[in-house]
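Asks: Curious how this folds, go ahead:
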Amino acid sequence: MPTLVDLPELAVAPRGDNRLVLGDNLLALEALALSHAGAVRCAYVDPPYNTGNALEHYPDDREHAAWLAMMRARLRVLLPLLAPNGVLVAQTDRTESAYLKVLLDELMGRECYITTVAVRMSGTTGFKIEHTDRRIVKNTEYIHVYSRRLELVEKAFEETRAFDDHYCLLLSPDRRRFGRLVADTEVEACFAALDLRPTNANLPVLYDGSSRFRAFVAAQADRVVRSHTAPGPARQAAARGALWSGEPPGGDDVVQAEYAGSLYHLRRTRSGVDQLIPIALKMQRVDCAGGPDRVALTNILGDWWDGFHRDMGNVEHEGGVAFKASKKPERLLRRVLRMFTEPGDLVLDPFGGSGTTAAVAHKMGRRWITIESGDHGLSHLLPRLRSVAEGADPTGVTAATGWAGGGGFGVCRVEGG
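Replies: Numbering: from 1, shown residues only. Below you'll find the model as predicted:
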């Protein structure tokens, strides 16, 4: 039976489960089977894509059946390590993506399949354009998500400039009246700066083209509203005449009422009662490449994740280690871990690569185990993770997470088997 032997001379203030494992990942997973069965909240599996290339740090040209056999053996040992609500996230490109999904269907069960996310990882520019006559350019990679009992920790959002012109009303500062958004003095100035007519139909054009207007919407998000049918209790109260005392308000008046613990802003209409819904409900924090999160107008993310191709131009510098052709942006791993884990959860990466998963997990307060068999376990992962623990890595998601250093990790080697 394989065992893990500590290398204390390489450790950095070892604490808890944080561990860099050096050696064959199949043997390492077997060694973890007894101590960590059912303990892993998220396993991020980022194997060689089998593209047919001989890469600098590892071969990527196995025969297809051999690649499948390699993955089957490792997944069989890995799956029992998942917690009951654990999530397996497996990223590949088009080369083996379909085959990996069939393999996961077989080993974990089709009923555990959640989704496949398409991630835009590159643009159609530069060198790729020169070869479009011979092949269709690859822009997308695929993330298969499996779980026996998925508990989505956090929804993901993406910024949008597609302003909905239904949000064409503006509550007064005291929330007792409303008026037209386009009639506000600041908004009129934004229109004038772009030489646009101040109409509701032009609000989307204004939002897309005016950073000043976008800042106004963000600052006044709880006052920028749209009208929508009021909830049933409000309509029933209005019908009984119990919604307001005395004469019903009219015109631009607003009444505040609470139902089931939620505060509603209501207006009288010819047909009854409407509620005024703030655009603040669509304003969320979004992760930005190379900087802190910021509040923006968003759409909820589905299974198409755009924008990570913009990270790839700088990804070589993340963590202070270069890893050609295989490195993932820290921002991508942060999104995955935000969706599927909470602080303190254990994250496992059996194909450690350049150490991105462990680095991001550490910065986000997750526990982690990462495994790497190549020489870059010492030349890349170890210095990168030491830099993270010491607070000396300003790259990646450091600013977004507010990371300033702390914690540590152990280092061990696989023996036996």
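
Asks: bridging residues for the closest residue to Arg223 other than its chain neighbours?
Replies: Nearest residue to Arg223, sequence neighbours excluded (Cβ to Cβ, 6 or more residues apart in numbering): Leu171, at 4.3 Å. All C-beta spots, glycine's among them, are computed from the backbone N, C-alpha and C. In this entry, Leu171 is beta-bridged to Phe178, by DSSP bridges.

Asks: so who does Leu171 touch?
Replies: 177-178, 222-223, 225, 254, 265, 276, 278 (Cβ atoms under 8 Å, 6 or more residues apart in numbering).

Asks: can you tell me how far it sits from Arg268?
Replies: 15 Å (Cβ to Cβ, to the nearest Å).

Asks: do the same with Ser227
Replies: 11 Å.

Asks: Next: Gly417.
Replies: Taken as Cβ to Cβ, the span from Gly417 to Arg268 is 76 Å.

Asks: Just want to know which of the two has more residues nearby.
Replies: Arg268 (18 against 13; other Cβ atoms under 10 Å).

Asks: Please name the bridge partners of that one.
Replies: Val273.

Asks: ok, it touching Asp253?
Replies: Yes - using Cβ atoms under 8 Å, Arg268 is in contact with Asp253, at 7.2 Å.

Asks: Can you list the buried residues in stretch 210-223?
Replies: 210, 213-214, 216-218, 220-221, 223 (16 or more other Cβ atoms under 10 Å).

Asks: contacting residues around that stretch?
Replies: By Cβ under 8 Å, 6+ apart, stretch 210-223 touches 161, 163, 170-173, 175, 186-187, 189-190, 193-194, 206-207, 224, 278-280, 283, 295-297.

Asks: Give me the subset of these lying in strands.
Replies: 170-171, 224, 278, 283, 295-297 (DSSP state E).

Asks: Of these, which pair is most distant in space?
Replies: Maximum pairwise distance among those (Cβ to Cβ): 20.9 Å, between Leu171 and Ala296.

Asks: Ranking helices and strands of this protein by mean pLDDT, which lands last?
Replies: In the chain, no helix or strand scores lower on mean pLDDT, DSSP states H and E than strand 53-54, which sits at a mean of 60.

Asks: Paired strands for the one helix or strand Arg285 maps to, with orientation please.
Replies: Per DSSP states H and E, Arg285 falls inside strand 283-288. Applying DSSP bridges to the sheet, strand 283-288 is found paired with strand 291-300 (antiparallel).

Asks: Could I get the CA-only coordinates of the partner strand as CSV?
Replies: Output of strand 291-300 as CSV, limited to C-alpha atoms (Å, rounded to 0.1, in the frame of the first residue of the first chain):
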residue,chain,number,x,y,z
GLY,A,291,-8.1,43.6,-10.1
PRO,A,292,-10.6,43.6,-7.2
ASP,A,293,-14.2,42.7,-7.7
ARG,A,294,-16.6,45.6,-8.5
VAL,A,295,-20.3,46.1,-8.5
ALA,A,296,-21.9,46.1,-12.0
LEU,A,297,-25.0,45.4,-13.9
THR,A,298,-25.1,41.7,-14.4
ASN,A,299,-26.7,38.6,-15.9
ILE,A,300,-26.6,35.3,-14.1
